[in-house]
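*Asks:* Give me a model of this one.
(2 chains)
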Amino acid sequence: MTQTRRQIFEARQRRRASTIAAASTAGVLLALIVLIPMAPGWEAVKRSFFNPEVFARTFPGLLEAFLLDVAIFAWCAPLIAALGLLVALLRDLRSPALYPLRLAAVVYTDIFRGLPVILVIYLIGFGIPGLGLPRPWNSPYLWGSLALILVYAAYVAEVIRSGIESVHDSQRAAALSLGLSQSDTMRYVILPQALRRVVPANMNLFIALQKDVALLSFIGPVEIFRQAGVYKSLLANFTPYVGAALIFLAITIPATRYADHLMNRERRRRT
Amino acid sequence: MSLLRLEQVQKAFGGNAVIRGVDLEIGAGEMVCLIGASGSGKSTLLRLMNLLEPVDDGRIWLEGVDISEPGLDPQPIRQRIGIVFQQYNLFPHMTAVENVLLAPRRVRGQSREQARPSAEALFSRFGLADRMEHYPDQLSGGQQQRVAIIRALAMQPQIMLFDEITSALDPELVGEVLDVLRSLRDEGMTMVLATHEMAFAREVADRVCFLDGGRIVEMGPPEQVLGHPREARTRAFLSRVL
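*Replies:* Numbers count the residues shown, from 1 in each chain, chains lettered A, B, ... in the order given. Prediction:
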């Protein structure tokens, strides 16, 4: 097939653009490779942050500690989803008798979205075991997880609520006109559409949660961040932190890309 | 006795009077067309009839029962009065047949197996037997609107309301939807239709009501209202649209 004049022109433009992009990227990389080692402290930094022996020695231990992060994430995530959904639905209640529940949901989201995560972890993680509860009820795993669940469920609830509000009112009208009850309308018509729309936004929240699990290290659990700290003290070297960072990125970058992909697909579907 | 009777019905939205005292009787098996400019109150009148909007004042009687009583549970009434909207309003996350089965299952408490045969019969009757498992976005506008009609019919309503159901369709798809209405008329369904299709109204309506400014200005058989309108406002409207 012969190309149109337009196609020939566009192909030339594309070739030009990629040549320029490649050349400038190579230039920047080269400058970094040449310039960074010229910094006066480079040798010291290389020794304490990018030490291959330390990396090889500590990486398996870090991976093992990361399993605890994964486990904490795995038991928190479903509880967050359930509590978030419940709070979102409570905020939609119309019946006056249930007003206290609705008020509680509003107060709850305001409080937990308004506090730094680490502060909630400290208050709950140290405060509740401080009541002198017997084992296993004084476990930092339990109360640390609860702190994460409470904070993240507040965000998830807001995201779900925005999804519910994004479903056009004509859908509600169509369902009600068929004689469906308010709750069936929500359950079968509004909620399925709302939840589908907020999958990408919720994925971003869960990626943030995966990172914030490391905050539990401040109240005790030896997860990857704390394990890296242990290695750092043991070996007087910061390389374990770099190893931990790489492990986090190996999970979060693909997950973020996937969430972006879902978000773009949703945007295309809606236009 | 008339099936549905409106008596001095009034409705305002935020101080803006949309329906200013409408009297209308609809007999069983009758087909009534509402015509009038956009904003004349046609859609609102239909939404008042099946209680999607509460009536401010006046009364609506369904088989002698006042259904406009404030505080009345609208759910059982809405099951008896179906409505089809201009924009179809199908549920996009369900297949065509699931759209149709939802209300019989949830409201009537029927199982899928119980409800499916009559749904299938409706799909076949309106030429959509091979589209039952399609999602709304896989259907043409005309097909979606026919599914919306089937969805309302599946609850076996006593009255069907149609709110400008061909206005969002490409011209070549209007015919297939109007054919459905003809077929329903032939079987004696009671229908109220807000429409801009004057030729269709003339062909099938028992009565035509011309609305202007939230009132019925002129009402009568189509030959009279559309052919020899008495009121100046009706003549002015018809000369603009015909």
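*Asks:* Packing partners of the helix or strand containing B:Gln143?
*Replies:* Following DSSP states H and E, one finds B:Gln143 within helix B:141-153. Other elements packing on helix B:141-153 under the criterion 3 or more CB pairs under 8 Å, 6 or more residues apart in numbering or on different chains; DSSP states H and E are strand B:81-84, helix B:96-106, helix B:112-125, strand B:159-163, helix B:171-186. Where C-beta positions appear, they are placed from N, C-alpha and C, glycine not excepted.
*Asks:* Indicate which one of these is closest to A:Ala147.
*Replies:* Ranking the helices and strands packed on helix B:141-153 by distance to A:Ala147, with CB to CB as the measure, places helix B:96-106 first at 39.3 Å.
*Asks:* list the buried ones in that closest one?
*Replies:* B:Ala96, B:Val97, B:Glu98, B:Asn99, B:Val100, B:Leu101, B:Leu102, B:Ala103, B:Pro104, B:Arg105, B:Arg106 (16 or more other CB atoms under 10 Å in any protein chain shown).
*Asks:* among the residues you listed, which are in reach of chain A?
*Replies:* B:Leu102, B:Ala103, B:Arg106 (CB under 8 Å from any CB of the partner chain).
*Asks:* ok, of those, which one's closest to chain A?
*Replies:* B:Ala103 (3.9 Å; CB to the nearest CB).
*Asks:* related to what we said a few turns ago, return the distance of the helix holding B:Gln143 from the chain's centre.
*Replies:* Remark: helix B:141-153 is offset 12 Å from the chain centroid, using CA atoms, centre = their mean, to the nearest Å.
*Asks:* ok, now stretch B:225-236?
*Replies:* 24 Å.
*Asks:* What of stretch A:132-147?
*Replies:* 24 Å.
*Asks:* ends of it, how far apart?
*Replies:* 18 Å (CA to CA, to the nearest Å).
*Asks:* what does it rub up against?
*Replies:* Stretch A:132-147 is contacted from outside by A:72, A:75-76, A:117, A:120-121, A:123-125, A:128-129, A:216, A:219-221, using CB atoms under 8 Å, 6 or more residues apart in numbering or on different chains.
*Asks:* For it, buried residues please.
*Replies:* A:Pro140, A:Tyr141, A:Leu142, A:Trp143, A:Gly144, A:Ser145, A:Leu146, A:Ala147.
*Asks:* same question, stretch A:221-241
*Replies:* Going by 16+ other CB under 10 Å, stretch A:221-241 has these buried residues: A:221, A:223-228, A:231-232, A:235, A:237-241.
*Asks:* Could you pull out the helices in the stretch 101-250 of chain A for me?
*Replies:* For the stretch 101-250 of chain A, the helices defined by DSSP state H, counting those that start in this stretch occupy A:117-127, A:140-166, A:169-177, A:182-184, A:191-197, A:199-212, A:224-235, A:239-270.
*Asks:* which one of the ones you listed is the most hemmed in?
*Replies:* helix A:140-166 (a mean of 21; mean count of other CB atoms under 10 Å in any protein chain shown).
*Asks:* Show me which pair in the contacts of stretch A:132-147 is furthest apart.
*Replies:* A:Trp75 and A:Leu123 (20.8 Å).
*Asks:* thought B:Leu24 was touching B:Leu211?
*Replies:* No: the criterion here is CB atoms under 8 Å, and B:Leu24 misses it with B:Leu211 at 10.1 Å.
*Asks:* Surely B:Met219 is within a strand?
*Replies:* Yes: checked against DSSP: H, G, I helix; E, B strand; the rest coil, B:Met219 lies within a strand.
*Asks:* Skip the chain neighbours and tell me the closest residue to A:Cys174.
*Replies:* Careful, residue A:174 is Ala and not Cys. B:Asn89 (3.7 Å; CB to CB, 6 or more residues apart in numbering or on different chains).
*Asks:* Do I have it right that that neighbour meets A:Arg172?
*Replies:* No: here B:Asn89 does not reach A:Arg172: they are 9.5 Å apart, not a contact under CB under 8 Å.
*Asks:* if I look at the residue nearest to B:Thr95 when sequence neighbours are not counted, how far off is B:Gly142?
*Replies:* Nearest residue to B:Thr95, sequence neighbours excluded (CB to CB, 6+ apart): B:Glu133, at 5.2 Å. Distance from B:Glu133 to B:Gly142, counting by CB to CB, to the nearest Å: 18 Å.
*Asks:* Around chain B, pick out the residues from the stretch 51-200 of chain A.
*Replies:* A:170-171, A:173-181, A:184, A:188-189, A:192-193, A:196.
*Asks:* need the helices and strands packed on helix B:141-153 in TSV with distance to B:Arg240 and mean pLDDT, can you?
*Replies:* Formatted as TSV, the entries for those read as follows, by distance: least, CB to CB, whole Å; pLDDT from 0 to 100:
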stretch	distance to B:Arg240	mean pLDDT
strand B:81-84	26	96
helix B:96-106	37	96
helix B:112-125	37	95
strand B:159-163	21	96
helix B:171-186	19	93
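*Asks:* Which pLDDT value belongs to residue 169?
*Replies:* All of this is about chain A. Confidence at A:Asp169, expressed as pLDDT, is 93.
*Asks:* let's do chain B instead
*Replies:* At B:Leu169, the pLDDT value in this model is 91.
*Asks:* Would you confirm that it contacts B:Gly141?
*Replies:* Yes: between B:Leu169 and B:Gly141 there is a contact under CB under 8 Å: 4.8 Å.
*Asks:* Which one of the two is surrounded by more residues?
*Replies:* Between B:Leu169 and B:Gly141, B:Leu169 has the larger neighbour count (other CB atoms under 10 Å in any protein chain shown), namely 20 against 17.
*Asks:* Perfect, that will be all.
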